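Chemist: The following comprises the amino acid sequence and a computationally predicted model.
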Amino acid sequence: MFKALIFDKNNDELPHGSIREVNLEELPEGDVLVNIEYSTINYKDGLAITSKSPIMKSFPMVPGIDFSGTVENSSNSDFKIGDKVVLNGFGIGEKYWGGYAQKARVNGKWLIKLNDNLSTKQAMAIGTAGYTAMLCIMALEDHGVTCNKGEILVTGATGGVGSIAISILSKLGYSVTASTGRVEQYTNYLTSLGANKVIDRNELSEKSKPLGKETWAGAVDSVGSHTLANICAQTMYGGTVAACGLAQNFDLPATVMPFILRGVILAGVDSVYCPIEKRKKAWDRLSKDLDLSQLNNMTKVIPLSEVVDTATNLMNGKTYGRIIVDVNT
């Protein structure tokens, strides 16, 4: 028997969750059994748990779109007992039971072995948010946005993606501007991560001109909507905007002008079904390019029993940085 946070739904009512004891036989099919040590709370987890979006596709469901832990049993030749592994996406916490449990049985093709210099706790301090941030930075690099090209904008800066993107970009030598709705409260936090400048998100969140002053060499955006449209309108000739989120909204009220007059590239970044080789590259880069000592400054650890309340606080803008879930406390 082991503990899991399980959500269920009756007819048309909203999903409701509780922690209960689960038998191994209840786990979905898979060729690798993992003893989970840590999970996280990402924005997508917040959407699922608060029912702000129908993330969970079937019930009963264990939410949690990522986890790290140790292989307990495996019929997959790529993994052996004792391997330290991490899993992000591939539908866990949505279509398949996810990380808010003490065990998971999954398809080994979804797993990645952790580098020796990353612990399972550090892996979830990074989590899907940090892995997504790395994919965004790789997208900027793929399109020639180097640190000598100019300022990089990071929106949603106090969130998981934003916090880790700032830390990595700063270590790589980029000049970073952080956009947040909580300038007075979190300027010191953001500059400690490496932001050179902090601006109020309201400067970007309203409808504006189809073309603005060329300001950003590139950007990492987790907000979408008018914010993303304004970023594109203010990006320098040949610059790239890596878009990975929709915290403001999923619409894009923009024109084609930045793309056809300035050659701006809008690079969509998907972390859920990203090919495994690209995932491995991202995690390898994270183990080298992220200042691991900074993880403590942006990380809070909570027990499984606090997941629901903390997810609600996240959606209400009352959290910052990374939230690790210790599923064994």
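Modeler: Right, received. Where do you want to start? Residues are numbered from 1 along each chain as shown.

Chemist: contacting residues for the nearest residue to residue 107 once chain neighbours are set aside?
Modeler: Counting by CB to CB, 6 or more residues apart in numbering, residue 107 lies nearest to residue 30, which is 5.3 Å off, once chain neighbours are set aside. In short, each C-beta sits where N, CA and C put it, glycine included. Residues near residue 30 by CB atoms under 8 Å, 6 or more residues apart in numbering: 104-108.

Chemist: The stretch 201-329 of the chain: helices as residue ranges?
Modeler: Counting by DSSP state H, counting those that start in this stretch, the stretch 201-329 of the chain has helices at residues 225-234, 257-261, 276-289, 307-315.

Chemist: Can you lay out the contacts of residue 30 as CSV showing distance to residue 224?
Modeler: Below are the contacts of residue 30 laid out as CSV (distance: CB to CB, whole Å):
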residue, distance to residue 224
104, 30
105, 34
106, 30
107, 30
108, 34
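
Chemist: Among those residues, which one lies nearest to residue 127?
Modeler: Looking at the contacts of residue 30 and their distance to residue 127, the nearest is residue 104, at 15.3 Å (CB to CB).

Chemist: How about the residue in this protein that sits furthest from its center?
Modeler: Farthest-out residue of the chain from its mean C-alpha position, per CA atoms, centre = their mean: residue 261, at 31.9 Å.

Chemist: got a list of what that one touches?
Modeler: For residue 261, the contact set (CB under 8 Å, 6+ apart) comprises residue 211.

Chemist: let's go with 10 Å and repeat that
Modeler: By CB atoms under 10 Å, 6 or more residues apart in numbering, the contact set of residue 261 is 210-211, 237, 255.

Chemist: And for residue 200?
Modeler: 179-184 are the contacts of residue 200 under CB under 10 Å, 6+ apart.

Chemist: what bridges to it?
Modeler: Residues in a beta bridge with residue 200, per DSSP bridges, are residue 180.

Chemist: Read off the pLDDT value for it.
Modeler: Residue 200 carries a pLDDT value of 98.

Chemist: That one and residue 184: what is the separation?
Modeler: Residue 200 is 10 Å from residue 184, where distance means CB to CB, to the nearest Å.

Chemist: In the stretch 51-200 of the chain, where is pLDDT below threshold?
Modeler: Along the stretch 51-200 of the chain, no part satisfies pLDDT under 70.

Chemist: residue boundaries of the strands in the stretch 151-300 of the chain?
Modeler: Applying DSSP state E, counting those that start in this stretch to the stretch 151-300 of the chain gives strands spanning 152-154, 176-180, 197-200, 216-221, 235-243, 265-268, 299-303.

Chemist: who wins for proximity to residue 114 among the ones you listed?
Modeler: Closest to residue 114 of the strands of the stretch 151-300 of the chain is strand 299-303 (CB to CB; 17.0 Å).

Chemist: Contact partners for residue 131?
Modeler: Residue 131 neighbours (CB under 10 Å, 6+ apart): 66, 86, 88-89, 112, 123, 160-161, 164, 271, 274, 279, 282-283, 285-286.
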